[in-house]
Structure formats: structure tokens, C-alpha cells
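Peer 1: Below are the sequence and a predicted model; questions follow.
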Amino acid sequence: MKNLLLWVSPLLALAVSGIAAAQNVDPPSRVARIAYITGPVSFEPAGMDQWADASLNYPMTTGDNLYTDSGARAVLRIGQNAIRLNSGTNFQFVNLSDNVVQTSVNSGSLSLHLRHLFDSESWEVDTPNGAVTLLRLGEYRIDTDSTNNATMVTVRAGDVEVTANNQSFTVHSNQTAYFDNSGNQPDDFDAFVTMRDRLENVPPPQYVSPDMVGYEDLDANGDWRNTPDGPVWTPRAAVGWTPYSDGYWAWVDPWGWSWVDNAPWGFAPFHYGRWAYANNSWGWYPGAVSARVYYAPALVAFVGGGGFSVGVSVGGGGGGLVGWFPLGPTEVYYPSYQVSPTYIRQVNVTNTRITNINVTNINVTNVTYVNRSAIVAMPQNSFSSAQPVKAAAVRLDANQIRQAQVVGAAPKVVPQPASVLGRSGGGRAVAPPAALANRPVVAKLAPPPPPVPFAAKQQLMQQHPGAPVAPAQLQTLRAQVARQNPTPARMQVQTINTKQVHAVTPTVRSGPAPTFAQRQAAPKQPAAQIPHTQPAPAPAAHPQNVPPAQPPVRQAPPPAREQAQPPVRQAPPPAREQAQPPVRQAPPPAREQAPPPVRQAPPPAREQAQPPVRQAPPPRSEAQPKRETPPPAQKEAPPKPAPKPKKEEKKTEEK
């Protein structure tokens with residue numbers, strides 16, 4: 001990477017405690033949500049060697065893969081942060097933990113909008129040509145070209161550090177770094193990203209944490225009111241609708257049986273908080289507002305027992321029934337997966353208004369559950385094969401409901417491959433081309449151990465139905481699999497030896513950058529950097545349900561972003577330094593101008609307008625005493641369309 005060049009275009013004006021850590025058994029407190037898909041999008045869970053059609057609201061975690069075929073796009077959400085995938089993108093979560101979001105992309109393009117970082121949190125994107133470390137909040141685009149082995153990083157706001165070929169350099173706001181000798185043709189992906197920003201740039205409701213995955217869908221699909229038990233959100237659903245009745249069950253390691261809801265808003269209310277029936281409707285109580293919320297696979301209690309299904313118990317050999325009902329606002333969730341006492345306390349305290357939990361003496365069979373009469377049930381075979389609940393649900397009589405016994409947070413049902421792949425069952429999904437499937441990427445952060453194949457875990461899971469393999473057993477099993485069948489991972493990761501990396505200072509040039517076509521025709525210049533300055537082309541025909549793209553976004557200075565920038569971090573990046581906004585604060589203020597690139601006059605500083613503090617809405621009515629509801633019998637009406645968000649006023653930058 002000698003003779004580095006950076007082009008600058010004037011057109012761009014853009015707590016887990018020590019106990020849990022020591023035991024090393026707790027799963028992450030967060031996941032990524034598949035928040036939007038259009039076109040043929042394929043999903044390959046960790047440990048599976050089969051692609052399936054991706055499902056809306058499916059939770060993604062370490063080792064999971066996503067592929068967007070021609071004409072497809074996808075959006076992933078992790079709290080306030082968004083990852084957008086363009087067509088032809090092969091994507092993987094290398095690591096998704098409480099402190100690390102490490103992704104890889106070996107073909108295609110992705111855009112990241114980083115709106116919030118926890119202290120000591122690291123974000124990294126691994127590409128075939130180098131590792132890209134996001135140093136602060138901002139908006140970033142990364143393009144990879146498998147044909148010419150090239151990678152391009154565009155920083156609209158923020159700063160990144162690129163590490164490749166034992167060298168590292170920083171790319172600042174309004175700069176585009178290009179390493180290796182090729183590029184991608186211009187497209188309308190930027191217009192799609194701008195459209196998604198308008199939809200997603202909504203402040204979190206004052207009643208929930210901004211780190212809660214899926215909060216952005218609540219205000220547009222339901223109504224809030226204050227009650228003596230705290231704020232409650234009521235979805236706009238049909239009369240007779242019951243929580244956890246329109247979706248399917250999937251097996252997602254390391255949590256086990258997880259609920260995947262069909263509603264566009266169906267993520268936050270089914271993995272955080274609790275449900276209660278009052279005022280003739282179901283309401284969702286989000287619990288206490290905390291800096292970090294804990295994800296749960298499903299906040300329900302499962303039922304079974306000898307009299308539940310004409311003498312056939314839950315988990316019984318040939319079928320039987322699996323039943324469940326939502327937990328109430330003061331009812332404790334006790335996971336079926338192995339966790340520490342600290343985790344049990346946190347997953348309940350951050351999802352309810354419970355402040356004192358005796359984690360050593362929880363008896364799920366000796367609790368008076370307020371939602372017990374709202375049992376939903378389906379045959380076990382349909383449950384384990386990820387069939388839609390609405391199609392397979394069984395109507396229960398009063399005697400069956402009365403005799404059903406609570407068996408805990410998971411039924412004793414052994415998962416099968418269809419449980420992991422989701423409702424599609426796989427087999428028809430489009431897989432990435434063979435030339436891209438195993439194309440390696442370069443990483444700065446050391447990745448976690450590879451996932452254990454699902455087939456290797458099945459025997460252990462049959463010994464303990466309904467429970468994931470314990471961490472200690474998983475470690476032993478991983479070593480055995482590596483010796484017996486050393487099959488390479490789907491996307492191989494080559495870790496950089498950071499001791500051999502040294503910082504370099506690229507040359508900075510002002511003015512318009514060459515187009516991609518011009519760059520491809522030029523003689524090869526190893527490790528040269530050019531910007532992506534072409535305006536987006538006229539939008540093509542849009543897929544169904546996709547709002548029309550706006551005019552090209554690079555012909556005029558884009559609007560100032562709404563998130564204030566924390567101080568730039570030096571490489572290697574230390575613990576993130578970020579001012580934490582109040583949880584109930586209004587939309588983030590306008591971002592200050594990023595530090596100017598080398599050899600360029602600094603742009604004028606922007607004044608930030610302080611938004612008013614959001615006030616709580618006046619109470620509409622107090623909740624009446626909770627009443628039990630019968631099992632769901634009526635089909636849910638489709639949710640009303642969300643109101644269109646208001647367009648933000650554009651600000652022009654002073655030259």
C-alpha cells in the first residue's frame with residue numbers, strides 16, 4: 001500500500017456484572033432483527049449447511065449469514081443502529097456480543113448508520129481487502145468488488161480506520177478510501193439508504209430504552225396510555241387477537257425455542273416487557289427504562305400435563321400438544337438455557353417493574369398466572385417444524401385449559417433442521433454463487449470459535465429436550481468436530497497480526513474524483529484511494545411495498561445528520577468515549593461538522609439547536625382490573641398502515 005491517495009470531493013458536505021463474565025455461560029443481551037426484506041433474501045443459520053428464505057423479525061446472532069440476491073435488499077436493526085444490505089451482498093455476523101459487533105461482507109455493498117455506542121463497544125466490518133473499524137457515530141458505506149478484488153469505504157459522517165497489508169490509515173468525514181484497483185458501478189443504493197433514514201430516524205418512545213430492538217415500530221402501530229401499573233402500549237389489532245398467536249416457533253442458539261411474529265411491529269413486544277388484558281384489549285407493558293435491555297427468546301410460560309390433550313403430555317413421543325401463554329407484568333421469566341443468577345435478575349428487571357427477584361427459589365408451578373386462560377396450542381410436530389401457528393392452532397375447551405400444567409420456559413421438544421431454518425424449511429432459497437461463498441475476509445478483531453454444526457448437537461439435545469447444549473459441553477463438542485470433520489466455515493476469516501501493522505499517512509487531493517469507469521480503464525495503482533462522488537442514477541422500478549426513492553442524493557449537499565459526534569478515537573481504538581443522552585430525550589441534535597481531512601481548509605462549525613424535552617402524554621384512562629381472556633378464536637385483521645413520517649428540513653452547508 002505505497003503512495004496512498006485520498007480524494008476529497010467538494011460535493012460531499014456530509015452492564016453485565018463480574019459474576020456473569022466469570023461464569024461465561026450467559027448469552028448476549030442483544031440480537032439483530034431482520035427488520036425489512038424485499039426480493040429474494042436468503043438466510044443460513046450458524047451451524048447449518050442449508051439456505052432458507054429469510055423471515056421478517058427473525059433474530060440473528062453470531063455465525064448467521066444473509067444473502068440478498070439480484071433485486072433484493074434487507075435491513076437489520078441492533079437497537080438504534082441500522083445495517084442496510086444492497087442487492088448481491090453476502091453478509092455474516094462474525095461476532096455479535098454485548099461489546100462487539102463484528103460483521104463481514106465478501107461481495108456487494110452495505111451501509112451502516114451508527115446512532116449509539118455503549119462504552120467500550122467495538123464495531124468492525126471485515127472485507128476481503130482489509131478490516132474497517134468504525135471509530136465513532138456516523139454514516140458509512142462499504143462496497144466490495146469480487147471481480148477485481150477491490151474494496152471502497154465512503155464516510156459520509158464519522159471516522160473509520162482501515163487496516164490492510166500491515167498498514168492502517170484513517171478515513172474522515174466526506175472522504176472515500178479505495179484500496180486495490182477496481183470499483184462498483186453507481187446505483188440507487190444511496191437513495192434507498194436515504195429513504196430508510198427518513199423512516200428510521202424517529203425518537204424512541206419515552207417509555208422504552210433506545211437500545212430496545214424494534215422500538216421504531218411502536219408509535220406508528222399502536223397507542224400509549226398511562227395506567228397505575230405504568231405506561232402501556234395497545235396494538236391496533238382485531239378483536240379477539242392474542243399475543244403469541246400469529247407467527248411461528250424457531251430454534252435459535254444459544255437461547256433455544258424463540259418466537260418469530262408475523263406483524264411488521266412484532267419484535268419488541270414479544271422479546272421485552274410483559275402483556276396484560278385490560279379494558280377489553282391486550283396491552284404491552286415495557287417495564288423499566290434502562291440503559292441496556294436484555295433480549296429474551298419469548299416471554300411466555302409453556303403448559304402440558306396428563307389431561308392437557310386427552311392424556312397426551314407435552315413432548316410425548318408421537319405428537320401431543322404444545323401450549324403457551326404470555327407472562328404478566330409481575331411474573332418472573334426463568335430461562336431454559338444455562339445462565340448465571342445475574343442474568344436471571346437482569347432479564348427480568350429490565351423487562352418488568354420487578355425490582356427484587358429471588359433467583360434461587362423460583363417455582364414455576366406455584367404461581368397464579370394472570371394470563372393463564374389465554375393459552376394457545378398446536379400439535380408438537382407442527383411446532384417443531386416451524387409451521388404457522390394460525391394455521392395449526394388447536395381450539396381448547398375449558399377443561400383442557402383448567403388441567404394444563406405450567407412446565408416452564410420451554411417445552412420438552414427436540415428441534416429438527418426445519419426448526420432452525422424457519423417456516424420456509426429451506427431447499428428453495430437462493431444461495432450465493434460458489435465463487436463467493438468461501439471467499440475469505442480480513443479481520444482485525446479475533447473472531448469467536450466457529451459454530452458447531454447442528455447435526456453434531458442433535459444427540460445431546462435429545463438427552464435434554466427443549467434445552468440448548470450447555471456451554472461446557474459445546475466447547476468439548478466443538479473440539480471433537482474439528483478433529484473429525486475440519487470443514488471450513490462458510491465465510492473464512494483471516495485475522496491480521498496487529499503487531500506488524502504500522503500507521504501511514506495517505507496523500508490528500510481535492511476536487512472531483514474519477515468515475516468508476518475511468519478508474520477501471522486507468523493503469524493499475526496498488527492501494528490507491530479515490531472517492532465515490534458520482535450522483536446516484538435515476539431510480540429504477542421499485543419492488544413491491546418499497547417507497548419510491550428520492551432524487552439523487554449526491555448532486556447537492558446532503559442534510560446534516562441528527563446525531564452529535566463524540567470525540568474521534570485513536571487507533572487502535574480504546575474504549576468508546578460517548579456522551580450518553582438521557583433516555584427520554586427528544587430526537588438527537590444536529591451533528592457538528594466532522595474534523596477536516598488533511599490538507600483541506602476546515603469547514604465552518606455548525607451550531608446545534610437544542611430540541612425541547614419530550615413531555616409525557618396526559619393519561620387517557622386508568623386500566624381497569626385485569627380480566628382473563630379466552631383462547632384466541634378470531635383471526636387477526638391486518639394492522640393499519642403506518643402514517644408517513646414527516647420530511648426533515650434540509651440544511652445547506654456554508655462553503
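Peer 2: All right, it came through fine. Numbers count the residues shown, from 1 in each chain.
Peer 1: So in terms of bridging, what pairs with the residue nearest to Pro415 when sequence neighbours are not counted?
Peer 2: Spatial nearest neighbour of Pro415, excluding adjacent residues (C-beta to C-beta, 6 or more residues apart in numbering): Trp251 at 3.7 Å. (C-beta placed from N, C-alpha, C; glycine too.) According to DSSP bridges, Trp257 are recorded as the beta-bridge partners of Trp251.
Peer 1: ok, Trp251 - contacts?
Peer 2: Going by C-beta atoms under 8 Å, 6 or more residues apart in numbering, Trp251 touches Trp257, Ser258, Pro415, Ser419, Val420.
Peer 1: check contacts around Arg141.
Peer 2: By C-beta under 8 Å, 6+ apart, the contact list for Arg141 reads Ser109, Leu110, Ser111, Leu112, Val153, Thr154, Arg156, Phe189, Asp190, Val193, His532.
Peer 1: Out of those, which comes closest to Ala409?
Peer 2: Comparing the contacts of Arg141 against Ala409 with C-beta to C-beta places Leu112 closest, at 33.9 Å.
Peer 1: Now do the longest helix anywhere in the chain: which elements does it pack against?
Peer 2: Criterion DSSP state H: the longest helix present in the chain is helix 471-484. Under the contact criterion of 3 or more C-beta pairs under 8 Å, 6 or more residues apart in numbering; DSSP states H and E, the helices and strands touching helix 471-484 comprise helix 454-463.
Peer 1: and the direction of the helix it packs on versus that of helix 471-484, what angle?
Peer 2: Regarding helix 454-463 and helix 471-484, their directions subtend 140 degrees when assessed with axes from the mean of the first three to the mean of the last three C-alpha atoms, to 10 degrees.
Peer 1: can you pull the buried residues of helix 454-463?
Peer 2: For helix 454-463, the neighbour count (16 or more other C-beta atoms under 10 Å) marks Phe454, Ala456, Lys457, Leu460, Met461 as buried.
Peer 1: Greatest separation within the residues you listed: which pair is it?
Peer 2: With distance counted by C-beta to C-beta, no two of the buried residues of helix 454-463 lie farther apart than Phe454 and Leu460, which are 11.2 Å apart.
Peer 1: Let's have the contacts of Arg141 in CSV, adding distance to Pro204, neighbour count and pLDDT.
Peer 2: Formatted as CSV, the entries for the contacts of Arg141 read as follows, by distance: C-beta to C-beta, whole Å; neighbours: other C-beta atoms under 10 Å; pLDDT from 0 to 100:
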residue, distance to Pro204, neighbour count, pLDDT
Ser109, 28, 24, 94
Leu110, 24, 24, 96
Ser111, 21, 24, 96
Leu112, 19, 23, 96
Val153, 29, 23, 91
Thr154, 28, 24, 90
Arg156, 23, 24, 91
Phe189, 27, 23, 81
Asp190, 26, 26, 79
Val193, 21, 25, 85
His532, 32, 23, 36
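Peer 1: Narrow those residues to those in helices?
Peer 2: Secondary structure assignment by DSSP H places Phe189, Asp190, Val193 of these in helices.
Peer 1: For Val260, see how far away the second one is.
Peer 2: Same thing as Asp190. In this view, Asp190 and Val260 are 31 Å apart by C-beta to C-beta, to the nearest Å.
Peer 1: any idea of the mean pLDDT in stretch 337-347?
Peer 2: Model confidence over stretch 337-347 averages 90 on the pLDDT scale.
Peer 1: Name the residues of it that are buried.
Peer 2: Using 16+ other C-beta under 10 Å as the test for burial, stretch 337-347 gives Tyr337, Gln338, Val339, Ser340, Thr342, Tyr343, Ile344, Arg345, Gln346, Val347.
Peer 1: Which residues are in contact with the residue nearest to Met461 when sequence neighbours are not counted?
Peer 2: The shortest distance from Met461 to any non-neighbouring residue, by C-beta to C-beta, 6+ apart, is to Val414 (5.5 Å). Applying C-beta under 8 Å, 6+ apart to Val414 gives the contacts Ser384, Gln458, Met461, Gln462, Pro465, Gly466.
Peer 1: Turn those into JSON lines, including pLDDT and distance to Asn279.
Peer 2: Below are those laid out as JSON lines (pLDDT from 0 to 100; distance: C-beta to C-beta, whole Å):
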{"residue": "Ser384", "pLDDT": "93", "distance to Asn279": "36"}
{"residue": "Gln458", "pLDDT": "86", "distance to Asn279": "46"}
{"residue": "Met461", "pLDDT": "90", "distance to Asn279": "42"}
{"residue": "Gln462", "pLDDT": "88", "distance to Asn279": "45"}
{"residue": "Pro465", "pLDDT": "89", "distance to Asn279": "39"}
{"residue": "Gly466", "pLDDT": "90", "distance to Asn279": "35"}
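Peer 1: tell me which of those residues is nearest to Val332?
Peer 2: Checking those one by one against Val332 (C-beta to C-beta), the nearest turns out to be Gly466, at 18.5 Å.
Peer 1: Isn't the closest one up against Ala410?
Peer 2: Yes: here Gly466 reaches Ala410: they are 4.1 Å apart, a contact under C-beta atoms under 8 Å.
Peer 1: which residues does the closest residue to Leu299 other than its chain neighbours contact?
Peer 2: Using C-beta to C-beta, 6+ apart and skipping the chain neighbours, the partner closest in space to Leu299 is Leu327 (5.0 Å). Each residue near Leu327 by C-beta under 8 Å, 6+ apart is listed here: Arg274, Trp275, Leu299, Val300, Ala301, Tyr333, Tyr369, Asn371.
Peer 1: Just the element for the second one, please.
Peer 2: Here Trp275 sits within strand 274-278, counting by DSSP states H and E.
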